[in-house]
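Colleague: Pasting a predicted model and its sequence here:
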Amino acid sequence: MTEAYKNPNSMPRLVLTLFAITAVTSLLLGLVNYITKDIIRKQQEEKEAAAMAFVLPPAINEETGYSFTELEYTGSDAIVEKVFKAEDLLSSQYASYYVVLVSPSGFGGEINMAVGIDRNKTVIGVSIISMSETSGLGSNASSPGFLNQYVGGSGEFAVSKDGGEIDALTGATVTSRAVTAGVNSALKAVSILDKEG
Amino acid sequence: MTNVIYAVAVLGLLGAFFGLVLAFAARKFAVEVDERQLQVEETLPGANCGGCGYAGCAAYAAAIVNEGAPINLCVAGGSQVIADISHIMGIESAETERFVAHVRCSGCTGIAREKFEYDGIPDCVAAMRLGGGQGFKECSASCLGLGTCVRACQFDAIHIIDGVAVVDHEKCVGCMACAEVCPKDVIEKIPYSANITVPCNSLDKGPVVRKYCDVGCIACKICERVCEYDAIHVTDNLAHIDYDKCVSCGKCVEKCPRNLILDIRTDRKAGEPSTANS
Amino acid sequence: MNVKKQFKEGLITQNPVLVQLLGMCSTMAITTTLFNGLGMGLSVLIILTCCNIVIALLRKVIPSKIRIAAYVVVIAGFVTIVDLIIQAFVPALSSSLGVFIPLIVVNCIILGRAEAFASKNSVGASALDGIFQGLGYTVVLVIMCVIREFLGKGTFGGGILNGGAGIQIFPEEYGALLMILPFGGFLTLGCLIAFVQWALRRAENKKKEEVEK
Amino acid sequence: MAENRKLTVSSSPHIRSAQDTRSIMLDVIIALSPALLVAVYVFGLRALVLTCVSVAASVFFEWAYRKLMKKPSSIGDLSAVITGMLIAYCLPANTPYWIPVIAAFFAIVIVKQLYGGIGKNFLNPALAGRAFVVASWPALLALSPAPLGYDSIFNFGSDAVTAATPMASLHAGSLPDVGILDMFLGKIGGSLGEVSSFALLVGGAYLVIRKIICCRIPVSYILTVAVLTFIFPKGNNNLQWMLYNLLGGGLMLGAIFMATDYSTSPVTPKGQIIFGIGCGLLTVFIRYFGSYVEGVSYAILIMNVCVWLIDKYTLPRRFGVTREDKRSAKKSKEVAAQ
Amino acid sequence: MSFTGILSISLGAILVENFILVQFLGICPFMGVSKKMDTATGMGLAVIFVMALASMFCWVVNEFLLVPLGLEYMQTLAYILVIASLVQFVEMFLQKFIPSLYTALGIYLPLITTNCAVLGVALLNTQKGYNFIESVVYGVTGGVGFLLAIVLFASVRERMEFADYPKAFEGFPIALISAGLIALAFMGFSGLKIW
Amino acid sequence: MSFKFHGGVHPPDKKSPADKTQVIPLNPPSLVVIPMSLHIGAPCRPAVKVGDMVKLGQKIGDSDAPVSAPIHATVSGKVTAVEPRLTPAGTMVTSVVIENDGMDTPCETMVPHSEEELSDPDAIVALIREAGIVGMGGATFPTAFKITSGKGKVDTVIINGAECEPYITSDYRTMLEHPEEVLGGIRLIMKACGVSRAIFAIEDNKADAIALLKSKNSENSGIDILPLKTLYPQGAEKQLIKTVTGLEVPPGGLPAAVGCAVFNCFTAYSVYRAAYEGRPAIERVVTVAGSAMEQPKNYLVRVGTPLEYVFEQAGGFIKEPHKVIMGGPMMGVAVHDLSVPVIKGTNALLAFCEDETRTVENPTCIRCGKCVEVCPMNLLPLYMYMYEQKDDYAGMERNRLTDCIECGACAYNCPGRLHLTHSFRAGKAKIAARAAAEKARAEATKAATTV
Ligand SMILES: Cc1cc2nc3c(=O)[nH]c(=O)nc-3n(C[C@H](O)[C@H](O)[C@H](O)COP(=O)(O)O)c2cc1C
Ligand SMILES: Cc1cc2nc3c(=O)[nH]c(=O)nc-3n(C[C@H](O)[C@H](O)[C@H](O)COP(=O)(O)O)c2cc1C
Ligand SMILES: Cc1cc2nc3c(=O)[nH]c(=O)nc-3n(C[C@H](O)[C@H](O)[C@H](O)COP(=O)(O)O)c2cc1C
Ligand SMILES: Cc1cc2nc3c(=O)[nH]c(=O)nc-3n(C[C@H](O)[C@H](O)[C@H](O)CO)c2cc1C
Ligand code: SF4
Ligand code: SF4
Ligand code: SF4
Ligand code: SF4
Ligand code: FES
């Protein structure tokens, strides 16, 4: 064995060296992962929660905020990513809302957005988490002026060009349609869930 | 913590597996390769950047060893790599004498008469296609100064100055690519150490030369007479220097009635036109 | 060991991007804000230095047949570590660099230096090489970022200064968006290398003139 | 022989046709002017000013670059004027004046002169310049002003009423609400040089008659678009859909003046037809499936990139070698190989 | 796997998100091996081959080793190990058994190990959650996109031999700018969608 | 019916008013210089020495080589020198210089051949050879050899009356002034070639010549007079065959490969004169024209007459010429020394002033493709040029540079004013030089290995 090991191109030597290197490396990696994984998870959760809370009225209890529980979405709409039920547990008046994460495709790819909906299936807030729309055109979709058009509405939205009530962003009808489609999908998802129970 | 153990186990085994595969392949698929090719490959940076124009370092190494590709193509490696490769390939320029190209013509614009106005492509070979196949200068041996050689030189060592080609002896590596393309055969190879040159290529007799050129060799043999070292001889109406004998004393330079013979040290700095002649 | 020479090589005469033309993917892809550039540059610097050290240490042990595989594993290990750390502590950087952090593994600079330098030199020299080459890379990234960010968005120091928004030098609507798209990367790097080639040649000519005098 | 008479010697031929680069470019400028007249009529004098700014900038950059690089000046060949005109032609009339200046800089300095000037560039300078500014400032260029009434030629403002261009409606899959005749004559919104197919066709006819361009590229281009849009209409009126597609947008401008740009189109007859068909396919493809309303400019740019390849593989048939010759040669080779 | 799904992945990989011109993956070999049309073609074909293999193997490793054991964070390490070994194995195999193919393709293989596009395709497959077939399609068509880009680029570079650019731009600068201009033309495909 | 070859140009033909002027026999000069190579092929050995007295039409040079043609004295008088002299091509060639005694004493050999002799094809070929007749269309290929080498393969004789180049009217005037002789010559050539069909192809800008020849041509002569649409380079052999028969001569092949032989109409005229007048090829019709001349004229000029003498007789230059061309403006050779003599292929002498040539400082290709449009050989001149300028041999070969017939149509049409045809000449020289060098190298290594 030792004899074979001395020859740099012998089979055992090759195998053992590569094994040793990968093993040590993965050990190190495993350890680092062990340390960082919780931090990473927490961060992601916080980010999502922040985005979701953004589309809801301020939580009554500012300290704990809402608690979110993910509901199982059974519909077939591919735009809908996740549906959450948001509950303001500690408040005296119990409030519960839906937050739907949708990702319609816009001009430059998917638009990730969150739509807040109350029990009457009225939109209470729309926020864009991330998008890659053209800055100056499509990116104006994140402006409150545009998004607030949806707040308070329900049913089915459409862009004015298609005979609806939403004024499209100038020069960015594609983006406007996408956002509208996202809101519509969110509303539909909630109504399906509501029907189910 | 189990995750860490999994990690070590899985990846370690994966590593071992591939080590095994590769070891197996290395043994089963072994192909004889020129030892030098491996060495050259070692020497190359291994960046596989493709800057050499070959598909990666190994391909370039193979090309050097098998196809005699130039050894100076690796951009990433720099001069050290070139030196190392030349060491491996045994093409160390074994302290042989260095040669450079030299244009045997001083027929600058205004000094050599022209037969006609040439109107065409600035290329010596093209010019030779017109008006009888000798170009537009009266002297049939002269440099045409249209720079075909300049384009052939990879080292920016030859330039047209006042209508004749002039070699920059510092930059020239003596590859003679210029001479190969020159349709006039006026470029010769001289030792880098040579100081005295006769920049004329005309084999015509004196009176004929006088008619068309202000500096051309008229075969008067004065240089032959003044040379104390028997280093310059007129054959076929043209003076030739024997560089084995020439000691660069400069006597011939002084005495040449045509002011033709050139002392490179004083008369012409590399890349500058001849001052002695004008 | 010639620290000064290595420094000069890393930054200028053997600059990995401008002269060796390595690692161009990330150079062009992520140089849209100063933050990206600095983050990427420093990550590469750290990884490169670590890898150089480890590979210099192991250079006598690794058989040539599995050289590439072994190097790659070492590199990938460090890259993943850095990746995890960035994800944990600088999540913004992680999301804006995206897939380009794991891709540092195949960044030609790292493997290139491992092969060209670390596998042949002492640990100390390799460490220095890693630092200086990494520095050379970072500097180029930063320059690219500053140019592209300024022309593209009219800002300076995006992702870092002014609460991440960067200092607005002229209104964003006048920024040439294309400069932060792929085309801008190619153009900026092309012009930068052209500039360096021009400057190097000029310096060389000057030197030669002085010698001649 | 008289003393001192030095004759010139050159290779045959010793005579040259009168047509030179400058006269060709001048003809193109003439052919482009009807479209400018219509643009002024439709969009007001601002169209003229915009064109002038663009032309001046192009010529200036051409001159400045050559000066800076110590190369002989080339503005005399007038090609920069065409580039300038075409840059303006493919921008909306309400574009801010600094936009064409930047487009001209990009077109002339980076796309054209950096490669050595006329004939050496591989992308159409004007289109590349347009692509640069459109991608850089999309918000400023997304809208085109509506055509004016007869009385408002002296309109210089950039705040004219904007309206959806016919192309935008087509992109959305519906027929625009303007008449075919208006589209043909140019009383529609759009980039300033593209609105009047009539004026462009007049210019194209002039170019063909003067033998500046041959019809292969424009005809194969327009035919391809016509056939495709006729076969695959959105809606059920094939003919109308086809006509709107031909007349709306920059198809005529592109097919007649831009796809035919010498430097960036193939020179072989077969290659020119392939190029035209390629442009047509891509135009329809982008119009139907792409996010750009208008496919012409990118279709031409993409085909520009392929020109060298096309030329390389469409060598004309060798004189004296017929297709049968080739086939039999191949066969005999195979036989020999066996 | 529906036909339109495959079509849309392919179209995306070849045109809309071209690895080179849009995603900036694999620039080094793209710049390095594009001086001549035939070597460029060889490189492109080799990339298609390796990207397909890498997509396949990495998908398997991910699906059956990493995910079940919760080792997703090891992706990079595992993938690159797979790719590097695979490429080297294939290279040795070809050299021994199919020398003709080796001279045509094999010489490009080492260059591909350090090619961002190959690791990139594996990582993107995982990121996009593609299944096995989708992964392979993405790998192959991503390679086709690379081939398309590098062949066009090589033809443009061939033409540039006859251009006349300032000396400072000689070599890579002008090549980079040309690549940029091609990318500009390819912007025409951005946002392409076949419904 | 006629076919069309690809491309072609139509430069302003400028044939007027020379086409209206009668051919004037030019008085021979006091001294003629006759180079011993007036044709393609082996040069002749001088058969006279200094001091000899020679008669008009006396053979003064001949060669045994098959591809050659004898040379005759074009004046009577005394040989004053046999030495290398400058020729129109610019080279120095051994020439016989004869001092004209002004008598034009004819040589005894100058007798008409008998009808009987003229019925034997071989005898016709022999007399054509003896008369030193070579292609008068400019190529100066020995006509007798062309006939013999094509025997059996050729079924159609094509007579080239295209005269497609601007300015030149020498063939045209010959057709107008000697229609019967030309037709007679054609019949002799047909007989010599052993064919029964000849097509006399004439461009339609010579309508009256066509009409005249048609009226003189008998029904059953086997000669078809075929009017062609005017287009340059219709007169080029391959293109002419294509327009007349629709066949294409394969690359590197001879006209005989498609069963054709092409003769210039002045060649036919010369054959007639040699047969029926016994007059060898000692003179030819030359058009003298150009912007430096006052009146364009046609002269019957003796071979060996110095150009300066011709110009002088034609009224001298009204302006300093910038360029003097022997031949037409599209194919002709520019000469730099006016002491060179008229040779057998000289169909025109043109003296141009500065403004004619339209050269520019910086020729730049704009890729307009106009060269491609006009190239009669289906070539891509702009690419040939690009590769030639780069010395890229593979590129030149791919683009078939060696197929170029140097017609100049591309360069004529090029708006960028590139020296296209010149470049192709240089390219052919480079390719030939390289091939020669390679052959030498191969032979050297072969020699080395066999040793
Ligand atoms: C470079 C560029 C970027 C664009 N970006 C967007 C965008 O982000 N969102 C969008 O809806 N439209 C964008 N557009 C415009 C669309 O392609 C299209 O013109 C528009 O949606 C048409 O609708 P309109 O009626 O609003 O003009 C962009 C156009 C260009 C040329
Ligand atoms: C471009 C070109 C143009 C020519 N034009 C004519 C012409 O107009 N008339 C003519 O007789 N020969 C012309 N020739 C020469 C013919 O090709 C051919 O040599 C000649 O007709 C053969 O007859 P010959 O041997 O009797 O001269 C031309 C050749 C070339 C290459
Ligand atoms: C080396 C050589 C050999 C030739 N052999 C023949 C021949 O055997 N038969 C023939 O008809 N013409 C022959 N020719 C003449 C050519 O076919 C042609 O007539 C001549 O080159 C001039 O044609 P052009 O003026 O059209 O170029 C020969 C020419 C050359 C240069
Ligand atoms: C028929 C024709 C079309 C032209 N089209 C364009 C054009 O679309 N864009 C442009 O910049 N220049 C155009 N030019 C001008 C010129 O050829 C162009 O700038 C070249 O690309 C410069 O190399 C055109 C010229 C001609 C003769
Ligand atoms: S040396 Fe030869 S190639 Fe160079 S310019 Fe003179 S003649 Fe031309
Ligand atoms: S080509 Fe070679 S020999 Fe000639 S000048 Fe250049 S380096 Fe010297
Ligand atoms: S000179 Fe040659 S390339 Fe030019 S048109 Fe004539 S045959 Fe074609
Ligand atoms: S005619 Fe002249 S300018 Fe036009 S493509 Fe040909 S060579 Fe170029
Ligand atoms: S850095 Fe991406 S291929 Fe080199």
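Modeller: Nice, I can see it. Ligands and ions are numbered 1, 2, ... in the order given.
Colleague: ok and the residue in the stretch 51-200 of chain D nearest ligand 1?
Modeller: Using Cβ to the nearest ligand atom, D:Pro138 is the residue of the stretch 51-200 of chain D that sits closest to ligand 1, at 3.7 Å. The way it works is simple: take the backbone N, C-alpha and C, and place the C-beta from them, glycine included.
Colleague: Which one of the residues in chain C is closest to ligand 1?
Modeller: C:Leu177 (7.6 Å).
Colleague: now chain F
Modeller: For chain F, Cβ to the nearest ligand atom, closest residue to ligand 1: F:Arg367, 29.3 Å.
Colleague: Identify the residue spatially nearest to C:Gln14, adjacent ones excluded.
Modeller: Distances taken as Cβ to Cβ, 6 or more residues apart in numbering or on different chains place C:Gln20 nearest to C:Gln14, at 6.3 Å, with adjacent residues excluded.
Colleague: element containing the one you found, please.
Modeller: Remark: C:Gln20 resides in no helix or strand, with elements defined by DSSP states H and E.
Colleague: For the stretch 151-278 of chain B, which segments are assigned as strands?
Modeller: Secondary structure of the stretch 151-278 of chain B (DSSP state E, counting those that start in this stretch): strands at B:158-161, B:164-167, B:187-191, B:196-197, B:232-235, B:238-241, B:262-263.
Colleague: So for ligand 4, which of these sits nearest?
Modeller: strand B:158-161 (28.7 Å).
Colleague: in its sheet, what does the closest one sit against?
Modeller: Neighbouring strands of strand B:158-161 in its sheet, by DSSP bridges, are strand B:164-167 (antiparallel).
Colleague: The strand it pairs with: how far from the chain's middle?
Modeller: 13 Å (Cα atoms, centre = their mean, to the nearest Å).
Colleague: Could I get the buried residue list for that strand?
Modeller: B:164-167 (16 or more other Cβ atoms under 10 Å in any protein chain shown).
Colleague: same question, stretch F:11-21
Modeller: Buried, per 16+ other Cβ under 10 Å, within stretch F:11-21: F:11, F:13-15, F:18-19, F:21.
Colleague: Nearest to ligand 9, out of those: which one, please.
Modeller: Using Cβ to the nearest ligand atom, the buried residues of stretch F:11-21 come closest to ligand 9 at F:Pro11, 56.1 Å.
Colleague: That closest one: what's it in contact with?
Modeller: By Cβ atoms under 8 Å, 6 or more residues apart in numbering or on different chains, F:Pro11 lies in contact with D:15, D:17, F:166, F:232, F:329-330, F:412.
Colleague: That one: what secondary structure?
Modeller: Taking DSSP: H, G, I helix; E, B strand; the rest coil as the rule, one finds F:Pro11 in the coil state.
Colleague: repeat for F:Val288
Modeller: Once three-state DSSP is applied, F:Val288 turns out strand.
Colleague: Is it bridged to anything, and to what?
Modeller: Going by DSSP bridges, F:Val288 forms beta bridges with F:Lys297, F:Leu349.
Colleague: so how far is chain D from it?
Modeller: 15 Å (Cβ to the nearest Cβ, to the nearest Å).
Colleague: what are the bridge partners for the residue nearest the centre of chain A, then?
Modeller: Nearest to the mean C-alpha position of chain A, by Cα atoms, centre = their mean, lies A:Leu101 at 5.0 Å. Going by DSSP bridges, A:Leu101 is paired in beta bridges with A:Lys82, A:Ala114.
Colleague: isn't it right up against A:Tyr73?
Modeller: No. Assessed by Cβ atoms under 8 Å, A:Leu101 is found out of contact with A:Tyr73, at 9.9 Å.
Colleague: ok, the residue nearest to the centre of chain A - contacts?
Modeller: Counting by Cβ under 8 Å, 6+ apart, the residues that A:Leu101 touches are A:52, A:80-84, A:112-114, A:129.
Colleague: quick check: mean pLDDT across whichever strand or helix holds D:Lys330?
Modeller: In the assignment (DSSP H and E), D:Lys330 maps to helix D:323-337. Average pLDDT, helix D:323-337: 77.
Colleague: can you pull out the helices in chain C?
Modeller: Taking DSSP state H as the test, the helices found in chain C are C:3-8, C:24-29, C:34-58, C:67-89, C:91-97, C:108-113, C:123-153, C:182-212.
Colleague: With respect to A:Lys37, which of those helices lies nearest?
Modeller: helix C:67-89 (7.9 Å; Cβ to Cβ).
Colleague: So is the closest one next to ligand 9?
Modeller: No. Helix C:67-89 lies out of reach of ligand 9 by Cβ under 6 Å from any ligand atom, never closer than 12.7 Å.
Colleague: relative orientation of that helix and helix C:34-58 in degrees?
Modeller: 140 degrees (axes from the mean of the first three to the mean of the last three Cα atoms, to 10 degrees).
Colleague: residues of helix C:67-89 that come out buried?
Modeller: Buried positions in helix C:67-89, judged by neighbour count with 16+ other Cβ under 10 Å: C:67-88.
Colleague: filter the residues you listed down to the ones near chain E?
Modeller: C:68-69, C:72-73, C:75-77, C:79-80, C:83-84 (Cβ under 8 Å from any Cβ of the partner chain).
Colleague: Would you check the distance separating stretch D:229-249 from the middle of the chain?
Modeller: With Cα atoms, centre = their mean, you get 22 Å for stretch D:229-249.
Colleague: ok, and what's touching it?
Modeller: By Cβ under 8 Å, 6+ apart, stretch D:229-249 touches D:165-167, D:170, D:173-176, D:180, D:183-184, D:188, D:190, D:194, D:197, D:222, D:225-226, D:251-252, D:284, D:287-288, D:293-294, D:296.
Colleague: of all the helices of chain C, which lies closest to ligand 4?
Modeller: It's helix C:182-212; of the helices of chain C, that one is closest to ligand 4 (Cβ to the nearest ligand atom) at 18.0 Å.
Colleague: just the buried residues of stretch F:11-21 now: which is nearest chain B?
Modeller: F:Pro11 (19.0 Å; Cβ to the nearest Cβ).
Colleague: can you tell me the residue of chain E closest to chain C?
Modeller: For chain E, Cβ to the nearest Cβ, closest residue to chain C: E:Gly180, 2.8 Å.
Colleague: if I read this right, that residue contacts C:Phe183, doesn't it?
Modeller: Yes. If you go by Cβ under 8 Å, E:Gly180 and C:Phe183 touch, sitting 4.6 Å apart.
Colleague: of these two, who's got more company?
Modeller: Using other Cβ atoms under 10 Å in any protein chain shown as the criterion, E:Gly180 and C:Phe183 rank with C:Phe183 on top: 27 against 24.
Colleague: how far away is the more buried one from ligand 7?
Modeller: 39 Å (Cβ to the nearest ligand atom, to the nearest Å).
Colleague: For the longest helix anywhere in chain F, enumerate the helices and strands it packs against.
Modeller: Across chain F, the longest stretch assigned as helix under DSSP H is helix F:420-450. Contacts defined by 3 or more Cβ pairs under 8 Å, 6 or more residues apart in numbering or on different chains; DSSP states H and E place helix F:420-450 against helix B:124-127, helix F:381-389, helix F:393-398, helix F:409-413.
Colleague: Next, the contact list for the nearest residue to C:Met144 once chain neighbours are set aside, please.
Modeller: Of all residues not flanking C:Met144 in the chain, C:Thr31 sits nearest, at 3.9 Å (Cβ to Cβ, 6+ apart). Taking Cβ under 8 Å, 6+ apart, we find C:Thr31 in contact with C:37, C:40, C:141, C:144-145, C:148, C:185, C:188.
Colleague: how about those, which pair is most distant?
Modeller: C:Met40 and C:Thr188 (15.2 Å).
Colleague: what's around F:Gln217, how many residues?
Modeller: Not Gln; residue F:217 is Asn. Neighbour tally, F:Asn217, other Cβ under 10 Å: 18.
Colleague: What residues does it make contact with?
Modeller: Per Cβ under 8 Å, 6+ apart, neighbours of F:Asn217: F:183, F:223, F:225.
Colleague: which of the residues you listed tops the neighbour count?
Modeller: Highest neighbour count within the contacts of F:Asn217: F:Leu183, with 25 neighbours (other Cβ under 10 Å).
Colleague: All good on my end, thank you.
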